[in-house]
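Undergrad: Build me a model:
(2 chains)
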There are 2 protein chains.
Amino acid sequence: MSQTRTEISSLGEFGLIQRINKGYKTTRPDSITGIGDDAAVIDLGDEFGLLTTDMLLEGVHFDLSFFPLKHLGYKAIAINVSDIAAMNGRPQQVTVGIALSNRFSVEAVDEFYEGVKLACKDFNVDLVGGDTTSSRSGLIVSVSVFGKVAKDKITYRHGAKAGDLLCVTGDLGGAYLGLQLLEREKQVYLANPNMQPELEGKDYVIQRQLRPEARMDVVYEIEEAGVLPTAMIDLSDGLASDLLHICSQSGVGAVVFEDKLPIDDQSFLAATELKLSPITAALNGGEDYELLFTVPQTAYDLIKNNPKISFVGYITDTPNEVLLHTNGDNRIPITAQGWQQ
Amino acid sequence: MSQTRTEISSLGEFGLIQRINKGYKTTRPDSITGIGDDAAVIDLGDEFGLLTTDMLLEGVHFDLSFFPLKHLGYKAIAINVSDIAAMNGRPQQVTVGIALSNRFSVEAVDEFYEGVKLACKDFNVDLVGGDTTSSRSGLIVSVSVFGKVAKDKITYRHGAKAGDLLCVTGDLGGAYLGLQLLEREKQVYLANPNMQPELEGKDYVIQRQLRPEARMDVVYEIEEAGVLPTAMIDLSDGLASDLLHICSQSGVGAVVFEDKLPIDDQSFLAATELKLSPITAALNGGEDYELLFTVPQTAYDLIKNNPKISFVGYITDTPNEVLLHTNGDNRIPITAQGWQQ
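TA: As a prediction, this is how the structure comes out:
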């Protein structure tokens, strides 16, 4: 052990990843990229291979008191497929590692894998391997996905150019607000187990948290429309944080219009009820697993009629200056949050 | 939740994997194999891609009171590379996911990645991605490796044929005995912190536990010798369990000669000191990460002079009958152990 002790919290997740990666260089000619995009890129000759991995831990990423195991299995696959989508790739094979304490029964494992297999079917991927082990403390899930993308179709985070339009799929903030509602109901239940959960009319935001989808549908649709994004990332940490990744890696800035942010009616209602700002939820909520991408202005006419895509702003040539253009015509800097799970 | 509750322990790890896999069929033409070998096999056109994943959990797979973090980083890569070796493949890229509680400092993470990067260098693989997250309870490591193998060079578990010779690399039982010594010294230390650990002359078995190697060297050497194994597996669970995998998947049996089992002198000494049978350690110890493979008899002359390879028995045509031919000329059935971590 070294004698100095630096707390991980002083670096944050992104600072830690930068430190791990600092001074490290890949040495193989078939390693096209290392750490720093949604998925690693491997040269397969005619095509690129894509590899991505994510871990989900009980008590950190999910709470089984309100998270059904089947949904968890589905989500574990979907959020990894989402990373392949963000490279404009096609997912093919997944491996699933699970660690289980003896609190879990075989039937619980069955439920989890029911969700895994359903997601595999939905995203046309095969479950091809994994690892099963015991755990001292709850459930841990680790998923890796292998996919492919044509060499001239890959979308990195670093390709955004000044003047490009900024697009997001679906709507934002719902997954975060759904989680807040679930956690509130859990507290109510703990205080009084006879209370019924008040989740009527909130099914959409709850579903955004419990069963996110990877937007492979939009990946296929923009290809059919003849549009190739200049940069793309999936919204796991929230638009603010993920847009900052695109901007810093592309050496550009961006302006986001408050009134263009796509927010579902249920999200507005949930935010009001929770006394939270729907704009903050949309910018910083995370876990929506929508796609954020940039396209040249010439692409506008080709995708403007796709109801799944919103144009929320544009890219500027001012490096790292990411601004929110408010409804009151002010421009305020968007900053990333600190440590993200 | 289902109303029936079946304990996972009633199935064991292999039973659980069988249950997960039961009735599941891969649907993509590029998924050559699903669950059930050392690595998943993906059709890349001219070659096969290989994908494997493994999780290591503090308190289950390693004890940081005697396991240096640098060694842990090395081992996490080596044991995954070993799965690629077992398919006769070449490892290329790795992803590393870690979950850390706030007990760990940035310097501890540095040490871990020092070992990861050293292993990457030793095995000519690149660290290309990963995931960093917080944990409520200790350190969790998840590694995935992507590799490749020529289509006519892949070695599955299921190719062993009656009359084939059974080979193992290196020596057996050391990793298990090393662990027993480390655990004994930990108990001694806990009882009396002034005691010095008695590990002199035990460096080899300790190293077998703390820093196993993937036998890529032997993979290259047998190829140079012009030998293609008919079946291969890496010894993670112990010769007994892993040979039973080869036999059941190949529909064959095997005879193993007690006096041919390669056991290092230090392992004999450690076994004596610990009052354990060195043969049991060799058969059931696990974690040696040597290769167990079968070759046609015609291969004997081509590799008999390789000091890294021992001929320990042969394959028979009696399905699943795996026998130990003892020094007293008895033949006793070899059975797998139950739940393996």
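Undergrad: residue ranges for the strands of the stretch 201-341 of chain A, please.
TA: Using DSSP state E, counting those that start in this stretch, the strands of the stretch 201-341 of chain A run over A:231-234, A:253-257, A:291-295, A:309-316, A:322-325, A:331-333.
Undergrad: Relative to B:Pro296, which of those is closest?
TA: strand A:231-234 (49.7 Å; CB to CB). Using the backbone N, CA and C atoms, a C-beta is placed for each residue, glycine as well.
Undergrad: Check whether the closest one comes near chain B.
TA: No. Figure legend: strand A:231-234 not in contact with chain B (CB under 8 Å from any CB of the partner chain); closest approach 13.6 Å.
Undergrad: strand partners of that strand, parallel vs antiparallel please.
TA: strand A:291-295 (antiparallel) (DSSP bridges).
Undergrad: Restricting to C-alpha, output the partner strand in CSV.
TA: This file holds the C-alpha atoms of strand A:291-295, laid out as CSV (Å, rounded to 0.1, in the frame of the first residue of the first chain):
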residue,chain,number,x,y,z
LEU,A,291,-29.7,8.7,-27.8
LEU,A,292,-28.1,12.2,-28.0
PHE,A,293,-26.6,12.9,-31.4
THR,A,294,-25.4,15.6,-33.8
VAL,A,295,-26.2,15.8,-37.5
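Undergrad: can you put the strands of the stretch 201-341 of chain A in TSV and add mean neighbour count and mean pLDDT?
TA: Formatted as TSV, these follow (neighbours: other CB atoms under 10 Å in any protein chain shown; pLDDT from 0 to 100):
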stretch	mean neighbour count	mean pLDDT
strand A:231-234	26	98
strand A:253-257	21	97
strand A:291-295	27	98
strand A:309-316	21	98
strand A:322-325	20	95
strand A:331-333	11	93
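Undergrad: Now tabulate these in a markdown table and tack on distance to B:Ser310.
TA: Converted to a markdown table, these look like this (distance: least, CB to CB, whole Å):
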| stretch | distance to B:Ser310 |
| --- | --- |
| strand A:231-234 | 50 |
| strand A:253-257 | 63 |
| strand A:291-295 | 54 |
| strand A:309-316 | 63 |
| strand A:322-325 | 62 |
| strand A:331-333 | 67 |
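Undergrad: quick one, which of those is nearest to B:Leu127?
TA: strand A:231-234 (21.0 Å).
Undergrad: looking at it, A:Gly163 is touching A:Ala299, isn't it?
TA: No. At 11.7 Å, A:Gly163 and A:Ala299 do not qualify as touching, with contact defined as CB atoms under 8 Å.
Undergrad: Let me see the domain layout of chain A.
TA: A:29-150, A:157-333 (automatic domain parsing).
Undergrad: Single out the most deeply packed of the ones you listed.
TA: With neighbours taken as mean count of other CB atoms under 10 Å in any protein chain shown, these reach their highest mean count in domain A:29-150, at a mean of 22.
Undergrad: Can you give me the end-to-end span of that one?
TA: One end of domain A:29-150 to the other measures 18 Å (CA to CA, to the nearest Å).
Undergrad: For the closest residue to A:Ile32 other than its chain neighbours, list each beta-bridge partner.
TA: Excluding the flanking residues, the one nearest A:Ile32 by CB to CB, 6 or more residues apart in numbering or on different chains is A:Val41, at 4.0 Å. Beta-bridge pairing for A:Val41 (DSSP bridges): A:Leu50.
Undergrad: Return the residues in contact with A:Val41.
TA: A:Ser31, A:Ile32, A:Thr33, A:Phe48, A:Gly49, A:Leu50, A:Met87, A:Ile154, B:Val128 (CB atoms under 8 Å, 6 or more residues apart in numbering or on different chains).
Undergrad: same deal with A:Pro278?
TA: Contacts of A:Pro278 by CB under 8 Å, 6+ apart are A:Gly173, A:Leu177, A:Ile263, A:Ser267, A:Phe268, A:Ala271, A:Thr272.
Undergrad: With chain B as the reference, measure out to it.
TA: Separation of A:Pro278 from chain B (CB to the nearest CB, to the nearest Å): 27 Å.
Undergrad: Also A:Tyr24?
TA: 6 Å.
Undergrad: before we move on, back to that, if it's not too much trouble, I'd like the contacts of A:Val41 exported to CSV so that secondary structure sit alongside each entry.
TA: Output for the contacts of A:Val41, formatted as CSV (DSSP: H, G, I helix; E, B strand; the rest coil):
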residue, secondary structure
A:Ser31, strand
A:Ile32, coil
A:Thr33, coil
A:Phe48, strand
A:Gly49, strand
A:Leu50, strand
A:Met87, coil
A:Ile154, coil
B:Val128, strand
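Undergrad: about what we covered before: wait, which of the domains of chain A is closest to B:Leu72?
TA: Using CB to CB, these put domain A:29-150 closest to B:Leu72, at 15.6 Å.
Undergrad: Dihedrals phi and psi, A:Pro29?
TA: Per-residue torsions, A:Pro29: phi -60, psi -20 (degrees, to the nearest 10).
Undergrad: tell me the contacts of the spatially closest residue to A:His158 that is not a sequence neighbour?
TA: Nearest non-adjacent residue to A:His158, counting by CB to CB, 6+ apart: A:Gln249, 4.1 Å away. Contact partners of A:Gln249, counting by CB under 8 Å, 6+ apart, are A:Gly36, A:Tyr156, A:Arg157, A:His158, A:Ala231.
Undergrad: mind listing which of these are in strands?
TA: A:Ala231 (DSSP state E).
Undergrad: which two from the contacts of A:Gln249 end up farthest apart in space?
TA: Among the contacts of A:Gln249, A:Gly36 and A:Ala231 lie farthest apart (CB to CB), at 13.1 Å.
Undergrad: who touches both of those two?
TA: What both A:Gly36 and A:Ala231 touch, as defined by CB under 8 Å, 6+ apart, is the set A:Arg157, A:Gln249.
Undergrad: give the contact list for the closest residue in space to A:Leu239 that isn't next to it in sequence.
TA: Spatial nearest neighbour of A:Leu239, chain neighbours left out: A:Leu283 (5.2 Å); criterion: CB to CB, 6+ apart. Taking CB under 8 Å, 6+ apart as the contact definition, A:Leu283 lies against A:Leu172, A:Gly173, A:Gly238, A:Leu239, A:Ala240, A:Val256, A:Leu261, A:Leu324, A:Ile334.
Undergrad: all strands of the stretch 1-150 of chain A, in order?
TA: Taking DSSP E, counting those that start in this stretch as the criterion, the stretch 1-150 of chain A carries its strands at A:40-43, A:47-57, A:90-100, A:126-134, A:140-150.
Undergrad: Distance of A:Thr335 relative to A:Ile263?
TA: Taking CB to CB, to the nearest Å as the measure, A:Thr335 falls 20 Å from A:Ile263.
Undergrad: now A:Asp164
TA: From A:Asp164 to A:Ile263 the distance is 23 Å (CB to CB).
Undergrad: So which residue is dead centre in chain A?
TA: Centroid-nearest residue in chain A: A:Ser236, 2.4 Å away (criterion: CA atoms, centre = their mean).
Undergrad: residues in contact with it?
TA: Here A:Ser236 is in contact with A:Ile79, A:Ser82, A:Asp242, A:Gly286, A:Glu287, A:Tyr289 (CB under 8 Å, 6+ apart).
Undergrad: mind putting those residues in a markdown table, distance to B:Val141 and pLDDT included?
TA: Conversion of the contacts of A:Ser236 to a markdown table gives the following (distance: CB to CB, whole Å; pLDDT from 0 to 100):
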| residue | distance to B:Val141 | pLDDT |
| --- | --- | --- |
| A:Ile79 | 20 | 97 |
| A:Ser82 | 23 | 98 |
| A:Asp242 | 26 | 95 |
| A:Gly286 | 24 | 92 |
| A:Glu287 | 24 | 95 |
| A:Tyr289 | 25 | 97 |
